[in-house]
Each structure stands twice: as structure tokens, then as C-alpha cells.
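Asks: here is my input; please provide its structure:
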Amino acid sequence: MTKHDLPPLPTDTALEVQSVKSLAALDALETDWDRLFRRDPDANACLSHAWIRASFAARPERGFVLAVRDAQGTLIGLLPLKQRLHWSRSRRRFETQFEAGGRLSMSPYSGLLCDPTREDDVLDALASALAARPWARLSLLYFGPEPRARSFGAALEGEGIEVAWRGYRDPGDQSDKLAAALIPLPERLETFLGALPDRGLARQYAAWRRSNGRVFSAHAERGDALDTIEPDFLEFFDAACPPGTRERWTRYRPSLETAAATDRLSLAWLERGGRIAAVAAHLVDPDLGDTLRLFSAAPDGSDGAIAGYFLTLSVIDRAISDGGMSYDFGRDAAQIARHFACEHRPGTYLVAERPEGGAPCLDPRATGAALDRIGGFLDRNRIKDARAACAQLRTLHR
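Replies: Numbering: from 1, shown residues only. Got it, this is the predicted structure:
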């Protein structure tokens with residue numbers, strides 16, 4: 001679908017941008033949100049109402065949404081954001097900082113929703129609304145798609161905000177974490193296996209499939225089994241996987257919890273001889289037809305590699321049988337994705353900052369939290385920081 005496939009909404013310049021903060025207000029948006037989600041061809045699973053609502057639920061004070069409506073009251077744009085109070089040691093001041101809203105749950109994608117026939121108007125309205133708010137830094141990791149991200153960056157620059165585009169590489173293998181690797185799924189598994197670049201892997205998987213699970217046995221559970229199966233996974237990580245696997249699981253767990261809360265988490269693993277050989281967790285979105293990898297783990301070495309490949313193929317096998325449209329490797333599998341016929345799509349990391357001497361860098365509504373932080377400074381004898389912070393608040397409320 002392109003924007004030309006949709007009838008245009010009435011054009012006008014009287015757009016209203018509302019800040020939606022409470023969970024009750026977010027719930028009231030659900031019908032309009034879902035309608036906009038279906039209308040936006042660039043929507044991703046991490047921008048659905050269910051995902052953002054679940055992301056905000058644990059820390060509602062940290063999230064808000066900028067909602068754009070036209071003169072008729074139609075919802076035509078949404079930008080979910082996360083806010084935090086930051087103490088800058090170099091500048092010795094408090095700062096209000098924004099991030100992509102889905103980062104409250106470590107979402108592998110971010111972005112915004114908009115009616116495709118009003119995209120330029122929505123981006124300009126959001127940039128103007130942000131320029132009118134007090135903040136110091138806006139960080140949008142995994143913002144996509146790239147053309148929309150670049151247009152939004154240009155709109156922010158038009159408001160006098162400095163915009164930079166950052167890279168993001170895995171600290172281990174230095175792979176590009178911004179690039180997405182995904183596979184459009186055909187209707188039949190045989191077609192998929194026939195297109196695999198690794199012909200040996202295709203033959204091995206087909207033979208394993210015919211053997212009805214000889215050597216490896218495949219298992220799957222829904223997200224409500226997360227707490228039950230987790231101890232077995234952790235034991236496997238510690239005993240058989242590379243160092244840091246448990247820590248990586250902990251880092252990604254908020255996204256697993258969010259997927260489980262939306263009833264879209266699928267846990268899959270292979271066993272060999274009654275012992276776990278590979279693990280993966282996916283977000284399965286029935287509306288978009290996407291299967292999105294959130295986490296995977298397997299031992300080092302050739303045995304671990306083949307277990308990881310077979311587990312990936314078994315999940316793809318199931319997605320095809322369920323009528324899925326695509327398999328997305330997410331941010332977790334730069335090495336394994338190389339063995340598949342993937343489409344590589346660039347992502348972006350937009351960082352915007354206020355020029356020095358511009359608008360206030362601290363939202364007055366963060367005063368209570370700032371006072372709590374000052375108490376912590378005093379407890380740790382950080383007298384200079386406490387004095388600087390008090391001076392900043394005094395100026396803010398003058």
C-alpha cells in the first residue's frame with residue numbers, strides 16, 4: 001500500500017497537538033489509534049496501541065504520547081515518547097530528555113504513526129509542538145522507516161533544533177544494529193527452502209523435518225509460560241552458552257514481558273537428549289503477519305550453530321503454515337541472518353539537541369523529582385552539585 005492508495009483526508013492547517021499522559025487517556029485513544037495504525041503503511045508492531053499501552057503500564061509517569069488531530073477531530077498522527085530527568089555532570093544542571101516511547105520496553109523498533117496523505121503536515125506539527133516544550137535532548141533509536149525519519153529530522157531543524165544521525169554497532173562483533181534483516185515469507189515451505197543460499201542447510205532441515213524430530217525435538221509455548229520456563233532457560237544460558245547470555249536475556253526481558261502482556265509472545269526451543277540446545281523468543285503479530293525475533297541463544301561451536309539454524313527454520317516453518325507474511329531477525333541475530341535470503345533495510349538513530357542559550361532545558365513539572373535528586377546529592381556530600389541544582393530550580397521558578 002502507498003499513500004496514493006488512500007483517499008486523502010480534508011486538508012487544513014489547523015492541526016492540534018495534544019499531550020496524552022495517563023493510562024486512562026491512552027485507553028480512550030484505542031479506537032482512533034487502531035484506525036490510524038491500519039491506515040499507515042509504515043506501521044510496525046511496536047507502534048500498536050497494545051504494545052505502547054503495555055510498555056507504559058509499568059512506568060506510566062515516564063511515558064506520554066503526542067497526538068495530532070485535524071480540524072475535524074480526526075487523529076492523523078501519534079508520537080510515543082519516554083521522558084526522564086537527567087543530571088548533566090559536565091553542565092552541572094538537570095535536563096529533561098526524551099526517547100522513543102517503546103524504549104520503556106526495549107522495543108526493537110520505534111517511530112511514529114501518521115496518516116500517509118498528511119505526513120508532511122503531521123511531521124511539521126510534531127516538530128513545532130516539541131520546539132515549544134522544555135527539554136534538552138531527544139533520542140530516537142531504531143526510528144524508521146528512514147525516509148520518514150529524515151523528513152522528521154528536517155522538520156526539527158526547521159524549528160532551530162540541532163539534529164545528528166548516529167551509528168550503533170554491536171560491541172562484540174561490530175555488526176550494524178540499526179539495519180534490519182527480514183525475510184518475506186512465501187506460501188509454501190518448499191519455496192522458502194528452495195531459495196535458501198545455504199543449500200546444505202536446506203537439505204539438512206528438510207531431512208530433519210522428515211525424521212519427525214530425530215536428534216532435535218522442537219518445543220513451543222505461549223507467553224504466559226515465561227515465568228515457568230525461565231529457570232530452565234537460565235540454567236541453559238549459564239551451562240552452555242557464551243558468557244553474557246544471561247545478562248542479554250535480562251536486558252531484553254522488558255520486551256518479552258510486553259509481548260506477553262499483549263498475548264503475542266512465542267517461546268521456542270530445541271532439545272537434544274532431553275536437554276535444551278537452542279532458545280528463541282518472538283513477537284508474533286497476527287494483524288501485520290510479522291514474526292519478529294526478540295531474543296535467541298545457542299552454544300558456541302558447530303553443534304550450537306546447527307541447533308540455532310534449525311530452531312530459526314522451525315519457527316519460520318510454523319509462521320508459513322500460519323499464513324505469516326514476514327520473518328524479522330530484529331536486533332539479535334546478525335550472524336545467523338547471513339545464512340538466509342534476507343532483505344536488509346536501514347534504520348536510523350536520530351539525536352536532537354537544543355542549542356545552548358535557547359529554550360529551557362528542564363520541564364518545571366519535574367521539580368519534585370529534581371528535589372528528590374538534590375536530597376541524594378546531599379546524602380552523598382555532593383555539595384557543589386546540590387548548590388548548582390538549587391540555583392537552577394530557583395531560576396526556573398522565578
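Asks: which helix in this structure runs the most residues?
Replies: Using DSSP state H, we find that the single longest helix of the chain is helix 301-321.
Asks: tell me which residues are up against that one.
Replies: 183, 185-189, 192, 201, 204-205, 208-209, 216, 218, 220, 240-241, 266, 268-270, 272, 277-280, 282, 284, 291, 296, 298-299, 327, 333, 336, 339-340 (C-beta atoms under 8 Å, 6 or more residues apart in numbering). In this view, the C-beta of every residue, glycine as well, is placed from N, C-alpha and C.
Asks: buried subset of those, written for PyMOL?
Replies: Only the buried entries of the contacts of helix 301-321 go into this PyMOL selection, using 16 or more other C-beta atoms under 10 Å:
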select buried, resi 183+185+189+192+201+205+208+209+216+218+240+241+266+268+269+270+277+278+279+280+282+284+291+296+298+299+327+333+336+339+340
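Asks: what about the longest strand belonging to the chain, average pLDDT?
Replies: Longest strand in the chain by number of residues (criterion: DSSP state E): strand 75-88. Mean pLDDT, computed over strand 75-88, is 97.
Asks: among the contacts of helix 301-321, name the ones in helices.
Replies: Applying DSSP H to the contacts of helix 301-321, the entries found in helices are Leu189, Phe192, Leu201, Gln204, Tyr205, Trp208, Arg209, Ala240.
Asks: got the domain ranges for this structure?
Replies: Domain assignment for the chain by automatic domain parsing gives 3-172+348-362, 180-345.
Asks: of all the ones you listed, which one is nearest Asp385?
Replies: Closest approach to Asp385 among the domains of the chain (C-beta to C-beta): domain 3-172+348-362, 6.5 Å.
Asks: how distant is the closest one from the center of its chain?
Replies: Distance, stretch centre to chain centre, for domain 3-172+348-362: 13 Å (C-alpha atoms, centre = their mean, to the nearest Å).
Asks: next, the contact list for the residue lying closest to Thr245 once chain neighbours are set aside, please.
Replies: Using C-beta to C-beta, 6 or more residues apart in numbering and skipping residues adjacent in sequence, the residue nearest Thr245 is Phe237, 4.1 Å away. Residues near Phe237 by C-beta under 8 Å, 6+ apart: Thr245, Arg246, Trp249, Val279, Ala297.
Asks: most widely separated two among those residues?
Replies: So, the contacts of Phe237 by C-beta to C-beta: farthest apart are Arg246 and Val279, at 11.6 Å.
Asks: one step back: right, and the domains of the chain - which one's nearest Gln392?
Replies: Across these, Gln392 has its closest neighbour in domain 3-172+348-362 (5.3 Å, C-beta to C-beta).
Asks: show me the helices in the stretch 1-150 of the chain, by range?
Replies: Assigned by DSSP state H, counting those that start in this stretch, the stretch 1-150 of the chain shows helices spanning 23-28, 30-39, 49-57, 119-131, 146-158.
Asks: got CSV for these, with mean pLDDT, distance to Ala259 and mean neighbour count too?
Replies: CSV is the format used below for the helices of the stretch 1-150 of the chain (pLDDT from 0 to 100; distance: least, C-beta to C-beta, whole Å; neighbours: other C-beta atoms under 10 Å):
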stretch, mean pLDDT, distance to Ala259, mean neighbour count
helix 23-28, 96, 18, 14
helix 30-39, 97, 17, 16
helix 49-57, 94, 8, 23
helix 119-131, 97, 27, 21
helix 146-158, 96, 24, 18
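Asks: looking at those helices, which is nearest to Leu256?
Replies: Closest among these, using C-beta to C-beta: helix 49-57, at 11.3 Å.
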